[in-house]
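A.B. asks: Sequence isn't available, so here's the structure alone:
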């Protein structure tokens with residue numbers, strides 16, 4: 001639905017609103033009257049992101065309710081509870097019957113409470129609006145809510161504690177959103193920018209593959225189609241078995257495991273991608289079995305036929321739930337097998353195993 005162009009926002013002074021919290025609510029709700037339109041219009045002008053105008057997450061009513069509840073709890077006016085900006089702007093002389101305000105008149109701490117409800121990508125976009133939004137986008141409490149609850153154990157696992165302790169929370173978040181390698185480069189982990197969930201990938205070299213050292217069956221092929229720069233390629237085998245294990249401090253939540261596979265061997269021909277599927281055989285006779293175990297007794301098993309050739313696919317290997325516990329790390333074992341020795345199978349490329357929050361598995 002199109003938005004009407006807003007005029008100046010007027011705030012009338014009422015004697016019943018003389019206390020700071022009530023005055024703050026009045027000021028905020030009035031300034032947010034056209035908040036959705038102003039933000040979207042500014043973003044369209046500064047970022048040219050035309051899909052952003054249909055994003056329902058920037059909503060007036062939930063934001064007002066949230067800020068009002070914070071004010072009622074005394075969090076907005078508690079000393080040191082928020083960042084930098086003074087509340088003097090809330091005590092302007094309202095002796096006249098009306099005053100005009102615009103989005104840029106909002107104090108930084110007020111803006112910080114607004115952007116705290118948005119996802120990190122939108123926070124960075126809003127920082128382009130004006131100085132108040134830019135300053136609010138650096139507030140530690142805004143970014144601490146986006147970090148995993150156990151981010152310190154997370155950092156210790158991937159960086160070994162070799163990170164400065166005086167980093168701001170936004171810098172920490174940016175560091176964790178980058179793909180970080182550990183365990184000799186066989187594993188990579190990062191935070192999904194949209195959902196804030198932890199994602200982990202294990203290369204073929206980090207898995208236990210039966211017969212991987214015998215060049216008659218398996219070989220490692222360099223490729224730019226993998227984040228690990230190489231994949232394991234199966235020429236032919238009777239006994240197909242791939243096992244793996246994860247020991248990582250996942251935050252509480254539900255996660256899904258995927259095997260990234262391709263029937264065929266991809267390569268380049270005069271600069272164009274080609275996929276050789278001549279050696280693909282045996283996968284349409286019996287299904288592949290996926291299994292998953294956790295240290296707290298969870299178990300998952302499923303079967304799937306591998307039929308699609310020439311492109312990478314993510315095959316669901318199972319789900320697991322990380323609950324609150326005394327253990328700082330979660331141990332998981334998983335496998336992919338096809339051990340029917342009545343026929344051979346081959347022509348399979350194995351890239352990696354990926355762990356994603358279950359809320360994001362529809363991307364695959």
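C.D. replies: Happy to help now that I have it. The structure displayed is predicted, hence computed values, not measured ones.
A.B. asks: Tell me who's in contact with residue 336.
C.D. replies: Residues in contact with residue 336 (CB atoms under 8 Å, 6 or more residues apart in numbering) are 240-242, 259, 288-290, 315, 317. From N, CA and C alone the C-beta is placed, and that goes for glycine too.
A.B. asks: my hunch is that it is in a helix, does that hold up?
C.D. replies: No: counting by DSSP: H, G, I helix; E, B strand; the rest coil, residue 336 falls outside a helix, being strand.
A.B. asks: mind listing what residue 346 touches?
C.D. replies: 234-237, 279-282.
A.B. asks: Near the closest residue to it other than its chain neighbours, how many residues? Count them for me, please.
C.D. replies: The shortest distance from residue 346 to any non-neighbouring residue, by CB to CB, 6 or more residues apart in numbering, is to residue 236 (3.6 Å). Neighbour count for residue 236, taken as other CB atoms under 10 Å: 15.
A.B. asks: From residue 215, how far out is residue 236?
C.D. replies: 12 Å (CB to CB, to the nearest Å).
A.B. asks: got it, and residue 112?
C.D. replies: For residue 112 relative to residue 215 (CB to CB), the value is 59 Å.
A.B. asks: returning to that earlier point: show me the contacts of residue 346 that map onto strands.
C.D. replies: residue 234 (DSSP state E).
A.B. asks: Most widely separated two among the contacts of residue 346?
C.D. replies: 237 and 280 (13.1 Å; CB to CB).
A.B. asks: re the thing from before, let's see the ChimeraX selection covering just the buried ones among the contacts of residue 346.
C.D. replies: Of the contacts of residue 346, the buried ones go into a single ChimeraX selection, burial set by 16 or more other CB atoms under 10 Å:
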select :234,235,237,279,280,281,282
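A.B. asks: out of the contacts of residue 346, which one sits closest to residue 360?
C.D. replies: residue 234 (28.7 Å).
A.B. asks: any idea which helix or strand comes after the helix or strand hosting residue 188?
C.D. replies: If you go by DSSP states H and E, residue 188 is part of strand 187-191. Following strand 187-191 in sequence order, the next helix or strand is strand 198-203 (DSSP H and E).
A.B. asks: next SSE after that next one?
C.D. replies: Later in the chain than strand 198-203, the nearest helix or strand by DSSP H and E is strand 208-209.
A.B. asks: quick one: average pLDDT of that next one?
C.D. replies: Strand 208-209 shows a mean pLDDT of 96 in the predicted model.
A.B. asks: Other residues contacting it?
C.D. replies: 218, 232, 241-244, 350.
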